[in-house]
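>>> show me the folded form of this:
(chains A and B)
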Amino acid sequence: MKLKKYFVRALHRLQKGPGYTYKELLVWYCDNTNTHGPKRIIKEGPKKKFVWFFLTLLFASLVFWQWGILINTYLSYNVTSSLSIGFKTMKFPAVTVCNANPFKYSEVKPLLKELDKLIEAALERILQPTQGDSILPLPLNSSDNISQTLDLRLWNQIPLVLIDEHDKDHPVIVDIFETNQTGPGNQTAAPPDTSNTTSEGKKYKLAVKLCNHEGSNDCIYRNFTSAAQAVTEWYILQSTSILSKVPLQERIRMGYQAEDMILACLYGAEPCNYKNFTQIYHPDHGNCYIFNWGMDEEALNSSNPGAEFGLKLILDISQQDYIPYLSSAAGARLMLHQQKSFPFLKDQGIYAMAGTETSIGVLVDELERMGYPYSDCTMNGSDVPVKNLYSEYNTSYSIQACLRSCFQNRMIEICGCGHYMFPLPEGVNYCNNEDNPGWAYCYSSLRSSIGHRQFCIDSCKETCNDTQYKMTISMADWPSEASEDWIFHILSYERDMSTNVTLDRNGIIKLNIYFQEYNYRTISESAATTIVWLLSSLGGQFGFWMGGSVLCLIEFGEIIIDSLWITIINVISWCKGLKQKRAQARYPDAPPTVSELVEAHTNLGFQHEDCRAPPSGETCREEALPPEPGTPPPNYDSLRVQPLDVLDVDSDTE
Amino acid sequence: AAMAPRKKITAKIKKTLPVTGPQAPTLSELMKWYCLNTNTHGCRRIVVSRGRLRRFIWILLTLSAVGLILWQCAELLMNYYSASVSVTVQFQKLPFPAVTICNINPYKYSAMKDYLSELDRETKNALETFYGFSEGKSKVRRSVGDGNSTGSELFQQIPLLKFEDFSKTVIDLHSGQKRKMEGKVFHKDSSIVNSGDSNDIIGFQLCDANNSSECALYTFSSGVNAIQEWYKLHYMNIMAQIPLETKEKLSYSADDLILTCFFDGLSCDKRHFTRFHHPLHGNCYTFNSGENETILSTSTGGSEYGLHVVLYIDEADYNPFLVTSTGAKIMVHDQNEYPFIEDIGTEIETAAATSIGMHFTRSRKLSKPYSDCTETGADIPVENLYNKSYSLQICLHSCFQKAMVESCGCAQYAQPLPAGAEYCNYKKNPNWMYCYYRLHEKFVKEQLGCQQICKDACSFKEWALTTSIAQWPSAVSEDWMLRVLSWDKGQKINKKLNKTDLANLMVFYKDLNERFISENPANTLVILLSNFGGQLGLWMSCSVVCVIEIVEVFFIDSLSIVMRRRWQKAKKWWNDRKRKQGGKPSQESELERQGHENPVCIDEDLPTFNTALRLPLPQESPLPRTPPPNYSTLRLENSSAFTEQLPDTLDVGQH
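Down below sits the predicted model:
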C-alpha cells in the first residue's frame, strides 16, 4: 500500500514539474552545507563572492589532487621496518656437523680402487720431468704394462687430456694413455683465447674431455688453468658416477658413524651424546648429524648468553681416512640453521679446523616480512611452481631447496637422469656412466648455462621469514701441548675402549656454540599505509582545505540526485510541453496544465519579486516584503515532508 | 571646477569597485558577527551561551583548543624531516664484488737487497748493540762493512736511542755516548711508561731541521715496535725515491701470486685480475675490477660457484723487519671503491683453506636535510686524490695528504700524489719526518679538522663476511696436491712446493639475497597537510577557510574598523575645531554618506531568493503558514543578527 502511495506521489510530482530551480537548489546547498567554502560564496558581496568562489574551487581541486596522491601511496603498499635488538630466551639453533670428507677411505677403497690407479698413473705421466721445451712429455710407447692393469674403459668414459699450446692457434690435444694425437678440438668452457699472453705462459693444460656419447665427435673440452683443479673435477665426476650406483644404506654405512665422530657433547650443564643427534645423509658430506633439529622432540631453548650455556662438542674427523683426491681440505663442516630446515652446507656452512677449538658466538638475525602484496615472498613455498624435492626430509621450504629442486628437475628433463648431489623424485635414477654415457656432458652444459640458472632464479621465491645466524668465529689451538696427552688418552679410551691413543691433533676438533650477549636482531615489517591511515589522511586533507567530512560528501551526492530529479522532471515537462504545443495547434485555447497551476501557486513569492522593479537602498527593506510574509522556505527538502504536504493539499483541491 | 572631474572619477571608482568595509561597524560587533558566522566550533558557543560561567568555560575551552592546535602543528612541523627505514630483500642474480688480493710482504726481499742493504745492516747493528742479538751472517758482514756510505748519514741523524730511566739520558746507537735529551716525549705505548723497569725503553728522536731545539721523542715500550716503526720510517724514505715502474717490477707478478683460479665453475687466469699498486703492500691483484666494463655476476650461491684461488706466498722471500706475519691480505669491495687494504683487509693464513661466505647489504641514507651525508662527495671541500668514488676513508686520507703538502711541502708515501707535489724523501725535504709525525699527531687528535669536513657517503655497499678456516691440503692429499701444483707453477722445476707457501681462498655468496636498507622520508607534504587538517578538524573543526576567515576578520576587518574609528575621531576633532572657528554644519551629511556606504546597508542587488530569506520576518504575521526552516539554527540567528545590526548601523548613520 505504502509503495503504491509513494508511486502515486511520484507520478504527481512528475506531472507537476519541479518545485524549484537549479539555482535555488544550489543556493540552498551553499547555505546549508557543512563544507566551509560555499557558504561564503553566497554570503559575501559580489567581489568577495567571486574570490570565494575561486578559492572554493581551488581548494576542492587541491583536495582531489591530494586524495589522488594519498590513494596512490596506499596502493603502493609500502612497509615500515622496525628493528629490535636484545636478549631473550630463544630456541637454540639446529647444529649440523659433518666431516668434510664424505666416506671413510678404508670403506670405499674397493669401489674407487680402479679410479685411484688411473689417476695415479695419469699423474705419473703428466708430472714426469720434461727435457727443456720438448714437444711432448709423454713417452709414446703404450706397450708398457701399466695400461694393461688399468681399467681404460672407465678412463675412456670421461678422459683427461693434455692440451699442448705451443702453437696458440692450433692447440694439439694429447690423450694421456693413448698415442693418437687429435687435431684441434671444440674447446668450450675455456677462458678466452690465450693469444696475447706472454711467451712464458704455460705450454700444457689439462682438460676434461666430455662427450655426448662415447666415441662420438660431439665433445667439449673443459679446460682448466690448473692441473689440480682438473684432477679434482675429473675425480668428482668419475666418483659420482660410481657412487650413484651404490644403494643409500650402503653409502650410510661407508660414512662416518655418530659414535666415531662425536666424542663428547655438553649442552649447558646437561650432558648429551651422539644419540641426541639426528642422522641425515648429505650427498656432499656423507653422514651429517644434526643436534636439536626439532623433528621428533621439542627444540631446546637457551636462556643464558655465554659459552657456559651453549653447546660444546668434541669431534674426530680422522684425517688419515680421507679420500685423497676427493676433498683436499680437511676439517669439520658445520652449519647453524633453523629447526626443521635442511642444512645446505655448501652455501651456508663453515669449516672448523682440526687441532683447534672453534668458538662461535651466535646472533639470530631475523627478518619478518609481510607477504603479498607488500613484498613478493612466499610464506611456505606452496605457491612456488617448482616441485620441492627436499620435502622427503620433512623440511620446510627454503630458497636453496627450491633452486636445487629446480636444477634437478631440469636435469631429469634434459639428461634423463638425476644428479647424485640432489634428491631424486620417484621413478628416476641417478646418472652413471654405464646407463647414461653422456650425462657428464649434459650436466656440464646445463650447469654452465646462464639461461637455465635465470629460469630457476625467476621461478623460485624467497621466504618471508628469513632467519640467519650471524656468527662470530674465533679459534685457538686445542688441546694445548701440556694437556694433549691426557685428553687424547681419555677420549681414545672412551671411544675405542683401548688404552692406546687412537686420536691425534689432525683429527680432533672442539666446538663451542653459544648465544652472544645480544642474541637477536629482528627486523619486522609492518604496513606503512593501512586503511585507517588512508581514511584519516583523506579526512585530514578534506578537513584541512574545506572543513569537510563524509557527511559533506553525502550532502553533495544528495544535491546531485536532486538536480538529476529536477532534470528528469524538466525533461518530462518539456516533452509534455511539446505534446501540448501540438495539441495547441489544434485547440489554440488549451487550459493550463496542472503543473503550471501548481507552479504558479507555489512560486508565488518569486513571481512577485520578479515583477517588481529592483528597489534600491533601505527602502527595499520595507517594500521587498512579499505580500505573503511567510514566503515558503525552499520547497525543496530532502525529507520531502513539507512539499508533499503541499502537494497533498493541492491534489485534494483538485 | 577642478574638483568636479576628480569627484566624478572617485564616484565612478566607488561605483564600480565599492570598497565594502568590515562586516560590522564596531569591534565587538565584528567579534560577535564572527563568532556567530564562523565555521569553527567553540567560538559560537561563547556568544550563544547564557551565563558568565558557561561563557567563561567556553572561552577557556576554545583557547585551549587553539593552544593545542598550535602545539601539535608545531610538533608536526618539527618532525617533518624524519626518515623511516625500510628493509627489502631481493633474491636475484648478484654482481660479484671486486676481490683484491695482496701478499702481506710488499716486495721480493731478494730483489730489494740493493736498496735496503744499508738499512738492514743498520737494523742488525742496532739489534746487536741493544739486545746482543746477532745472526752469524750479519756479524761477519758488519765486521767487514764500511759503515760510512752515503745513506748512513740519514741513519745517523735519526738513530735508534735507548733511554735510561726517566733522566732523559739516552744512549746513541752510533756514538754510544750518553747525552741529555730535550723535547717532548711521545709514547707510542703509554701503559708501560710508568711501570718501573723503564731502563729498556727504546725509541727515536725527530727534530725540526730548521730549529734543532724543537724535537719530538718517540719511545716504545717494546723494542719490537720501536725497531719496526723506525725501520718503516726509513723504508718509506727509501721507497719514495724509487719510481713506480721499478717498484712494480720489484713486487710480485700475477703469475707469481696466483697459482690457480676458478670462478663460478669455470677456470680463470691472470687476465681476470687487474694489477693495482699499493704503496704499502706492493702489487695487489683485483679480481673482477670491472676494468673492461664487464662485471661478473653470480647466479648461484654456495662455495662451488664463487671465486676459488690458490695463492703462492713465497715465505722465503719475505722482508724480516718490515713484515712479521706470513700470508695474504684480501679485501672484498665494490668496483668503484678504493681498497684500503691496510685498514680493513682480512688476513689469510698459509697451509689452510679460508672460506669466506658473503652476505650482501646495500644501504642508502637520505641526504640533506634528513641527515648529514654526501651523495657524491662533490660538496666536500677536499679534493679526491683517489681515482675512485667518494668514501669517508678517501676523504680523510686526501685531507691528510693535502695538509701534509701544505705544511711539509711534500706528500706522504702511503697516499696518492696531489697535482704538482712529490713524495717526501730525506734528500729533498730533510724536515719531513718531524713534520709528518707532528701532523699525524694532530690528525689523530682531530686538530686538523679533517674529521669535521669529511662526511659519510649516503649510499654504500657492504659485504658481511663469515670467515672460517680448514686445514689444507689434508694429510692424505698433500702429496699429490703439492706435486700437481708444482707442475702448474713451473712445469720444469723439480723443486716441490712447500705447503706453507700456499694459501687456498674461497670467496662466495652464502645466498643471493640482497638486503637493501633504505631511508625514506617519513612525511610528505600531502601527509603533513592532512595531519594539519586532522588536528585542526579534531580540536575546532577548522579548515583553511577558517584560517582565511580569521585573517580576514582579525586582521583586515578589525584593522579597518580601528582605522575608521581613528579617522572618524580625527574628522570629528577637525570638524569641532572648524565649527569652533567657523561653525559650518557640514559634518552631518558627511557621516550620513558614510553610513550609506556601509556594506551592511547596501543592498543594490535585486532581492533574490536568498536575500529575501535574510530579510526580517514581520513579528506579527497573522498567518504563520510557512513552517520555520527546519534545518539550521544558524540561519535564524544569522538573520536576527542582521536585524540587530541594522538599527545599529542606522544609529551611527544618524548621529
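>>> can you list the low-confidence ranges for the stretch 1-150 of chain A?
Scanning the stretch 1-150 of chain A for pLDDT under 70 picks out A:1, A:13-19, A:129-149.
>>> what does the closest residue to chain B within it show for phi and psi?
Closest residue of the stretch 1-150 of chain A to chain B, C-beta to the nearest C-beta: A:H36 (3.6 Å). In short, each C-beta sits where N, CA and C put it, glycine included. Backbone torsions of A:H36, given as degrees, to the nearest 10, read phi -80, psi -30.
>>> also A:S396?
phi -80, psi 170.
>>> ok, it - contacts?
The contact partners of A:S396, taken as C-beta atoms under 8 Å, 6 or more residues apart in numbering or on different chains, are A:338, A:340-341, A:380-381.
>>> state the pLDDT value of residue 202.
In the absence of a named chain, this looks at chain A. A:K202 is assigned 53 on the pLDDT scale.
>>> correction: the question concerned chain B.
In this prediction B:I202 is given a pLDDT of 75.
>>> count of residues packed around the residue nearest to it when sequence neighbours are not counted?
Leaving aside its sequence neighbours, B:I202 sits nearest to B:A226 (C-beta to C-beta, 6 or more residues apart in numbering or on different chains; 4.4 Å). Using other C-beta atoms under 10 Å in any protein chain shown, the number of residues around B:A226 comes to 25.
>>> for B:A226, what is the enclosing helix or strand?
Assessed by DSSP states H and E, B:A226 sits inside helix B:223-239.
>>> got the buried residues for that helix?
B:223, B:226-228, B:230-231, B:233-239 (16 or more other C-beta atoms under 10 Å in any protein chain shown).
>>> what's the answer for stretch A:551-571, then?
Those buried within stretch A:551-571 under the rule 16+ other C-beta under 10 Å are A:552, A:555, A:559, A:562, A:565-566, A:569.
>>> closest one of those to A:H213?
A:H213 lies nearest to A:C552 out of those, by C-beta to C-beta, at 80.8 Å.
>>> how many other residues sit next to the nearest residue to that closest one once chain neighbours are set aside?
Leaving aside its sequence neighbours, A:C552 sits nearest to A:T35 (C-beta to C-beta, 6+ apart; 4.7 Å). Close neighbours of A:T35, defined as other C-beta under 10 Å, add up to 26.
>>> and A:L150, how far is that from A:E124?
11 Å (C-beta to C-beta, to the nearest Å).
>>> more crowded one of these two?
A:L150 (17 against 12).
>>> touching, the more buried one and A:K117? I think so.
Yes: the criterion here is C-beta atoms under 8 Å, and A:L150 meets it with A:K117 at 6.0 Å.
>>> how about the contacts made by the closest residue to A:Q338 other than its chain neighbours?
Nearest non-adjacent residue to A:Q338, counting by C-beta to C-beta, 6+ apart: A:T467, 5.2 Å away. Neighbouring residues of A:T467 by C-beta under 8 Å, 6+ apart: A:338, A:364-367.
>>> quick one: which of these is nearest B:C454?
A:D365 (30.2 Å).
>>> go ahead and list the helix or strand containing the closest one.
Counting by DSSP H and E, A:D365 is part of strand A:356-368.
>>> per-residue confidence for the residue of the stretch 101-250 of chain A found nearest chain B?
Residue nearest to chain B within the stretch 101-250 of chain A: A:S226 (3.2 Å; C-beta to the nearest C-beta). Listed pLDDT for A:S226 reads 82.
>>> what helix or strand is the closest residue to it other than its chain neighbours located in?
Nearest non-adjacent residue to A:S226, counting by C-beta to C-beta, 6+ apart: B:T260, 3.2 Å away. Using DSSP H and E, B:T260 maps to strand B:258-263.
>>> for B:R515, same thing?
Secondary structure (DSSP H and E) places B:R515 in strand B:502-521.
>>> can I get the CA coordinates of that strand in PDB?
The C-alpha coordinates for strand B:502-521 follow below in PDB (Å, rounded to 0.1, in the frame of the first residue of the first chain):
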ATOM      1  CA  LEU B 502     100.400 -21.900  -0.300                       C
ATOM      2  CA  ALA B 503      97.100 -20.400   0.700                       C
ATOM      3  CA  ASN B 504      93.700 -21.600  -0.500                       C
ATOM      4  CA  LEU B 505      91.000 -19.000  -0.700                       C
ATOM      5  CA  MET B 506      87.300 -19.300  -1.400                       C
ATOM      6  CA  VAL B 507      85.100 -16.300  -1.700                       C
ATOM      7  CA  PHE B 508      81.400 -17.000  -2.400                       C
ATOM      8  CA  TYR B 509      77.900 -15.700  -1.800                       C
ATOM      9  CA  LYS B 510      76.200 -17.600   1.000                       C
ATOM     10  CA  ASP B 511      72.900 -16.700  -0.600                       C
ATOM     11  CA  LEU B 512      71.700 -14.500  -3.300                       C
ATOM     12  CA  ASN B 513      69.600 -12.400  -1.100                       C
ATOM     13  CA  GLU B 514      70.400  -8.700  -1.400                       C
ATOM     14  CA  ARG B 515      69.400  -6.800   1.600                       C
ATOM     15  CA  PHE B 516      68.600  -3.200   0.800                       C
ATOM     16  CA  ILE B 517      68.200  -0.900   3.700                       C
ATOM     17  CA  SER B 518      66.900   2.500   2.700                       C
ATOM     18  CA  GLU B 519      65.700   5.500   4.400                       C
ATOM     19  CA  ASN B 520      62.600   7.100   3.100                       C
ATOM     20  CA  PRO B 521      61.100  10.400   4.100                       C
END
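>>> nothing else from me, thank you.
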